[in-house]
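# sequence plus the predicted model coming up.
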Amino acid sequence: MRVCIFQRLLEAGAAKAYVIRYQVYVMSKKVVMFEYEKETKNSVRYKEVPDEGTAPIVGTLYVQKWFAGSSKTIEITIDKKD
């Protein structure tokens, strides 16, 4: 039965699943895109570009100027570990 649950998770699109001591854990990754919105004193503000028909996950992201440089887009990968 445990193998069956594991297989169903993978078939349902789970990015990664593994079994530890008869428990199934699912790890999902999400890549979130941001586009330049404006500069503040020490940082650059980016707004999330959500997938069509979905709500934003992060919303607004502030990145320090020394790192952001002149980038017009930023891509963040979020690993959700349940």
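Done, it's in.

# which residue ranges form the strands in this structure?
Applying DSSP state E to the chain gives strands spanning 16-20, 23-39, 43-49, 60-64, 73-81.

# can you redo the ones you listed as JSON lines with mean neighbour count and mean pLDDT?
(Glycine included, C-beta is placed from N, CA and C.) Below are the strands of the chain laid out as JSON lines (neighbours: other CB atoms under 10 Å; pLDDT from 0 to 100):
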{"stretch": "strand 16-20", "mean neighbour count": "12", "mean pLDDT": "57"}
{"stretch": "strand 23-39", "mean neighbour count": "13", "mean pLDDT": "84"}
{"stretch": "strand 43-49", "mean neighbour count": "18", "mean pLDDT": "97"}
{"stretch": "strand 60-64", "mean neighbour count": "13", "mean pLDDT": "97"}
{"stretch": "strand 73-81", "mean neighbour count": "11", "mean pLDDT": "92"}
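
# tell me how far W66 lies from K30.
26 Å (CB to CB, to the nearest Å).

# ditto for D51
For D51, the distance to K30 equals 10 Å [CB to CB].

# which non-adjacent residue is nearest S43?
Closest residue to S43 apart from its sequence neighbours, by CB to CB, 6 or more residues apart in numbering: Y62 at 4.5 Å.
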